[in-house]
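**Q** 3D model of this:
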Amino acid sequence: MSDMITDCESLLGQSSLSGPDGRRGFLKVALGTGFAVAVLPVAAQNVIKTDSAGLVTGSMSVMVDGQAVPVYAAQPEGKTGLPVVLVISEIFGVHEHIADMARRFAKQGYLALAPDLFVRQGDPTKVSSIPELMKGIIAKTPDAQVMADLDAVVAWAKQNGGDTSRLGITGFCWGGRITWLYAAHNPAVKAGVAWYGRLVGEPTPLQPSNPIDIAATLKVPVLGLYGGKDTGISQESIGKMKDVLAKGGNKSEFVVYPDAGHAFNADYRPSYVAADAKDGYVRCLAWFKRHGVA
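**A** Coordinates of the predicted model:
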């Protein structure tokens, strides 16, 4: 279990990164800067930059069994009792795109929290190739560890201005898979939105289940946003997931964008499809509102 004490002072107190009025902020940790080396060069012409006007943004850390887990956080300035959204990264970690997503949610009134779930295994933003990243970090990150880290982040949010009775989770690629799993793990989650997260796969000792394995008993509604041209996630696997969810009476839904491939929301990558990314984000916000997160 986590020894849930933060390394920073309370969100209601002071720390090293201030908001617009200089009164509140977070401990600085190197999160949300730059982009992943493995996908350079960045498609800079598409990169969305969400400013921090009216927000408190920055990084803090949460202790989990003696390990400091860094978290990029963003929230409206001067607000408490906020709905909470966990923002789960791709395999590339909490770089600038994920931090920007957190700021987008904060602009909509959320306490948005993007934890570095690879902190024990390494820094994916510094790895130069995807095969090296998959073998050296992703394959070595246990699902049980991820669930415990997210539980600790939720507990921190409850103590620091978040209303965890209105808890949502969204994630991208690797984070999309985690979104499905955490929705099954934590009954406090009201709704999830999984962006192109893998649904099926071979189990391993560290990653023993995939979303299809928990679908029959899943109670939380999850919106799945997927690309019709995604070569890594087949339409067959989406169909199987739909069937298992329906048999269990779950109200999850899927939207498949026929002209999009994988990572269509990643505005810093050539895979970005602006129209589908924008539509997905609108649907994400509406899904959270529909299911009591907003």
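**Q** Just the element for Gly201, please.
**A** Assigned by DSSP states H and E, Gly201 belongs to no helix or strand.
**Q** how far away is the closest residue to it other than its chain neighbours from Gly280?
**A** Taking Cβ to Cβ, 6 or more residues apart in numbering, and ignoring the residues beside it in sequence, Gly201 has Asn210 as its nearest neighbour in space, at 4.9 Å. From N, CA and C alone the C-beta is placed, and that goes for glycine too. To Gly280, Asn210 is 22 Å away according to Cβ to Cβ, to the nearest Å.
**Q** before we move on, back to that, OK, contacts around the residue nearest to Gly201?
**A** 177, 198-201, 203 (Cβ atoms under 8 Å, 6 or more residues apart in numbering).
**Q** As JSON lines, these with distance to Thr164 would be great.
**A** Converted to JSON lines, the contacts of Asn210 look like this (distance: Cβ to Cβ, whole Å):
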{"residue": "Arg177", "distance to Thr164": "23"}
{"residue": "Arg198", "distance to Thr164": "27"}
{"residue": "Leu199", "distance to Thr164": "27"}
{"residue": "Val200", "distance to Thr164": "31"}
{"residue": "Gly201", "distance to Thr164": "30"}
{"residue": "Pro203", "distance to Thr164": "30"}
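**Q** The residues you listed, buried ones only, as a ChimeraX selection?
**A** Burial among those is assessed by 16 or more other Cβ atoms under 10 Å; the matching ChimeraX selection reads:
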select :177,198,199
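**Q** Can I get the contacts of Asn210 in JSON lines including pLDDT and distance to Gly161?
**A** Formatted as JSON lines, the contacts of Asn210 follow (pLDDT from 0 to 100; distance: Cβ to Cβ, whole Å):
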{"residue": "Arg177", "pLDDT": "98", "distance to Gly161": "29"}
{"residue": "Arg198", "pLDDT": "98", "distance to Gly161": "33"}
{"residue": "Leu199", "pLDDT": "98", "distance to Gly161": "34"}
{"residue": "Val200", "pLDDT": "98", "distance to Gly161": "38"}
{"residue": "Gly201", "pLDDT": "96", "distance to Gly161": "37"}
{"residue": "Pro203", "pLDDT": "96", "distance to Gly161": "38"}
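**Q** So which of the contacts of Asn210 is the closest to Lys289?
**A** Lys289 lies nearest to Arg177 out of the contacts of Asn210, by Cβ to Cβ, at 24.2 Å.
**Q** what are the phi and psi angles of the closest one?
**A** phi -60, psi -40 (degrees, to the nearest 10).
**Q** what's the nearest residue to it if we skip its chain neighbours?
**A** Gly197 is the one closest to Arg177 (Cβ to Cβ, 6+ apart), at 4.0 Å.
**Q** and that neighbour, how far is that from Trp156?
**A** 24 Å.
**Q** same thing with Pro41?
**A** 36 Å.
**Q** quick one, which of these two is more surrounded?
**A** Legend: neighbour count by other Cβ atoms under 10 Å for Pro41 and Trp156, higher for Trp156 (28 against 8).
**Q** Which elements pack onto the strand or helix carrying that one?
**A** For Trp156, the element it lies in under DSSP H and E is helix 143-159. When contacts are defined as 3 or more Cβ pairs under 8 Å, 6 or more residues apart in numbering; DSSP states H and E, helix 143-159 packs onto strand 55-64, strand 67-76, strand 82-88, strand 111-115, strand 162-172, helix 174-185.
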